[in-house]
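Participant: here is my input; please provide its structure:
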Amino acid sequence: MNDPAPVASPVSVAARLDRLPVVRLHWVATAVIGLGLFFDLYENFLAATISSVLKNELDLSRTGLNLLLGSAFLGQFLGALVMGRFADRVGRRRAFMINLAIYSLFSVLGAFSPNATVLIITRFIAGVGIGAEFALADSYLSDLLPKHARGKFISWAYTVAFLGVPTVGLLAHWLVPLQPLGFDGWRWLFLLGGIGSFVIWVVRRGLPESPRWLETQGRQEEADTICRRFEEHALAAGHTLADPDPELRVIPASTFSPATLFHTPFRRRTVMLWILSVLEVFGYYGFGTLAPLVLHAKGFDLVTSLGFLAATYVGYPVGSLLAIPIVERVERKYLVMGSAAAMAAFGLWFGLAGDAVSIVVAGVLYTMVSNLFSNAYHVYLADSYPTGLRGTAAGAAYSLSKLATGLLPFLLLPVLDDHGSGPVFGVVAVAMSLLIVDVATLGHRSTGRSADATV
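Facilitator: Numbering: from 1, shown residues only. Model (predicted):
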């Protein structure tokens, strides 16, 4: 039997974390991070879900609607770019406390917007706040979780998060026709997002800083203290601790700068992941942005369209659940490629479908495989860089995806207006095909490796 006592220096904290079994503290951190991600997804799908309502209520032109749909994502571009680097400099915990506070405040202010201009501005600033949530969540969980459970538990966090998507659909279906307390139903949707995220902000205050990050900063005593908490929980639960890898060392954060992303051994994977992050937007957010307008173009009224959306959005958490038993068994690279191919096929079916049953079935299948894709993508990105560079790298990649998502309405809505829903999802299928070529050509394997094993 291996010695169960916590291992002291010179064994790294990273190696000690990797040898841990999953304990209650891992579950708590995963749930709390997942609840924060819930509001990221809630925000991302909110305006698109009620786009037809906002167009009528605020008397928006096509350009105004595009600005409203894109404003939060353009804010998220800035937030992801700045806060990802901030997390590598000052810590994961401090960064995700700041970003959620900004989102909560400006989401509430957006609910009281007197006109479209104010709503666009508040959504942009709320986007700056929530923009780094993916990068921070992926970095924090990758830092905290042992290598054998990293993909599975990040998938659990996103399963919690993706409950936010059907929640938006169901709340919109219920609230949009109403005026509770004399307050427009669509305004309640923004208000609930702000209040809910504030509650999660309070809960997050109890999470520890990432011990891996502390180790990269030379704060060894603090890192050791947090790591010992996990080891003591494991021993109290009756586990024995395997020997840590004596060769695994974290690279000091001072070694890295943003330019490191384009130095060996990271250059190839950075190029691959940036291309992947731009192209995945067409498949993933293309559906969320376009589906309400596609249904309207097919001739369905507002309430019926919202009902269809609520039904198809159920596929998001279901697809994320499906990823949990798969993501540690199938190499991430191939899981990304296979799920992208399925998105292309089901997207074409959705775009060409005319009857209600086909629309809902195709929509549910599309959202299911898109979340299998999403979980694989998030874990793959977090797997690809060491602790001291992870926030910067993830933030840069996500910022590109947010920028592309902000521009998406300007690219795809003209195709919908001029050519219909079939050609729109043809564009999506082409983007998914290019994504597959990118990952197949430049992608690397990452499943089962330590978060700090970089080559």
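Participant: what helices or strands is the helix or strand hosting residue 390 leaning on?
Facilitator: Assessed by DSSP states H and E, residue 390 sits inside helix 387-419. Under the contact criterion of 3 or more C-beta pairs under 8 Å, 6 or more residues apart in numbering; DSSP states H and E, the helices and strands touching helix 387-419 comprise helix 62-90, helix 133-144, helix 211-216, helix 267-297, helix 356-383, helix 421-442. All C-beta spots, glycine's among them, are computed from the backbone N, C-alpha and C.
Participant: tabulate these (a markdown table), appending distance to residue 104 and mean pLDDT.
Facilitator: Compiled in a markdown table, the helices and strands packed on helix 387-419 are given as follows (distance: least, C-beta to C-beta, whole Å; pLDDT from 0 to 100):
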| stretch | distance to residue 104 | mean pLDDT |
| --- | --- | --- |
| helix 62-90 | 14 | 84 |
| helix 133-144 | 12 | 89 |
| helix 211-216 | 24 | 93 |
| helix 267-297 | 22 | 86 |
| helix 356-383 | 23 | 88 |
| helix 421-442 | 33 | 93 |
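Participant: any idea how far the worst-scoring helix or strand of the chain on mean pLDDT is from the middle of the chain?
Facilitator: In the chain, no helix or strand scores lower on mean pLDDT, DSSP states H and E than helix 302-313, which sits at a mean of 74. Relative to the mean C-alpha coordinate of its chain, helix 302-313 is positioned 23 Å out (C-alpha atoms, centre = their mean, to the nearest Å).
Participant: what residues sit buried inside it?
Facilitator: Within helix 302-313, the residues that qualify as buried are 302, 305, 306, 307, 308, 309, 310, 311, 312, 313, counting by 16 or more other C-beta atoms under 10 Å.
Participant: list the residues that contact the fourth one.
Facilitator: Put plainly, it is residue 307. For residue 307, the residues meeting the contact criterion (C-beta atoms under 8 Å, 6 or more residues apart in numbering) are residue 173.
Participant: what's the separation between it and residue 313?
Facilitator: 11 Å (C-beta to C-beta, to the nearest Å).
Participant: quick one: end-to-end distance for stretch 234-241.
Facilitator: Start-to-end span of stretch 234-241 (C-alpha to C-alpha, to the nearest Å) is 8 Å.
Participant: would TSV of the buried residues of helix 302-313 with distance to residue 165 be doable?
Facilitator: Shown next, in TSV, are those (distance: C-beta to C-beta, whole Å):
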residue	distance to residue 165
302	19
305	16
306	13
307	15
308	14
309	9
310	10
311	12
312	9
313	5
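Participant: how near is the most centrally placed residue in the chain to residue 324?
Facilitator: Centre of the chain computed as the mean C-alpha position; nearest residue by C-alpha atoms, centre = their mean is residue 134, 4.1 Å away. Going from residue 134 to residue 324 by C-beta to C-beta gives 18 Å.
Participant: now do residue 286
Facilitator: In this structure, residue 286 and residue 324 are separated by 25 Å, where distance is defined by C-beta to C-beta.
Participant: those two - which one has more neighbours?
Facilitator: Of the pair residue 286 and residue 324, residue 286 is the one with more neighbours under other C-beta atoms under 10 Å, namely 25 against 17.
Participant: so what's the more buried one closest to, chain neighbours aside?
Facilitator: residue 428 (5.1 Å; C-beta to C-beta, 6 or more residues apart in numbering).
Participant: any idea how many residues pack against that neighbour?
Facilitator: With neighbours defined by other C-beta under 10 Å, the count for residue 428 comes to 26.
Participant: ok, now residue 333?
Facilitator: In terms of burial, residue 333 registers 19 neighbours under the definition other C-beta under 10 Å.
Participant: what angle separates the strand or helix carrying it from helix 421-442?
Facilitator: Assigned by DSSP H and E, residue 333 belongs to helix 332-352. When axes from the mean of the first three to the mean of the last three C-alpha atoms, to 10 degrees is applied, the directions of helix 332-352 and helix 421-442 differ by 170 degrees.
Participant: what is helix 332-352 packed up against?
Facilitator: Under the contact criterion of 3+ C-beta pairs under 8 Å, 6+ apart, helix 332-352 touches helix 267-297, helix 356-383, helix 421-442.
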